[in-house]
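Peer 1: Make a model of this:
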Amino acid sequence: MTNRLSLRAATLQDAKTLLAWRNDPQTRAASHNTDKVRLEDHLAWLESSLKKPEQRRLWIAELDGKLVGTCRADKEGDGWELSWTVAPEARGQGVAHKMLSQLIESFQQPLTAQVKKDNMASMKVAERLGFVVEKEENGVFFYRC
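Peer 2: Predicted structure coming up:
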């Protein structure tokens, strides 16, 4: 084991894995939309997302060849809003920090993130990476880096 994380562009072949991660109860609890996502809705979202790289970019993280998470960047004004999910079996291993550390290096524009105030793991990751809370609304912290 080299413990080496790499990011690659997501593809339609990642749909089932991404959906499983999205529908994980802990992921749903940390999401703005906590509803379970249906396969057909997820496929439509993924196909649309992959066709608009100027508006949305989506990556898969692999650790020693194993899929361990995903991160997304959505164009927001002059910057990008980041979001991330760690595979349930990879949580607690520093995957989010490793993913985002690599991702942040590739952006020159301002970065933001929204994290629910009860999502301590994501709050710690954001703050460790230099994100600062700008405001809190309705139980969500708005971070900027």
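
Peer 1: mind listing what the longest strand seen in the chain pairs with, with the direction of each?
Peer 2: Across the chain, the strand with the greatest residue count (assigned by DSSP state E) is strand 66-76. As defined by DSSP bridges, the strand partners of strand 66-76 come to strand 56-63 (antiparallel), strand 79-86 (antiparallel).

Peer 1: Report the mean per-residue pLDDT for that strand.
Peer 2: Averaged over strand 66-76, pLDDT sits at 97.

Peer 1: Can you give the distance of it from its chain's centre?
Peer 2: Offset of strand 66-76 from its chain centre (CA atoms, centre = their mean, to the nearest Å): 4 Å.

Peer 1: start to end distance for stretch 108-127?
Peer 2: Criterion CA to CA, to the nearest Å; first-to-last residue distance in stretch 108-127 is 19 Å.

Peer 1: Quick check: buried residues in that stretch?
Peer 2: Within stretch 108-127, the residues scored as buried using 16 or more other CB atoms under 10 Å are 111-116, 119, 122-123, 125-126. Any C-beta I mention is one placed from the backbone N, CA and C, and that applies to glycine too.

Peer 1: re the thing from before, among the strands paired with strand 66-76, which is the most enclosed?
Peer 2: For the strands paired with strand 66-76, the largest average neighbour count (mean count of other CB atoms under 10 Å) is found in strand 79-86, namely a mean of 22.

Peer 1: what does the helix or strand following it contact?
Peer 2: Downstream of strand 79-86, the first helix or strand assigned by DSSP states H and E is helix 95-105. For helix 95-105, contacts defined as CB atoms under 8 Å, 6 or more residues apart in numbering pick out 5-7, 59, 61, 63, 68-69, 71, 73, 82, 84, 86-87, 111, 121-122, 125, 128-129, 145.
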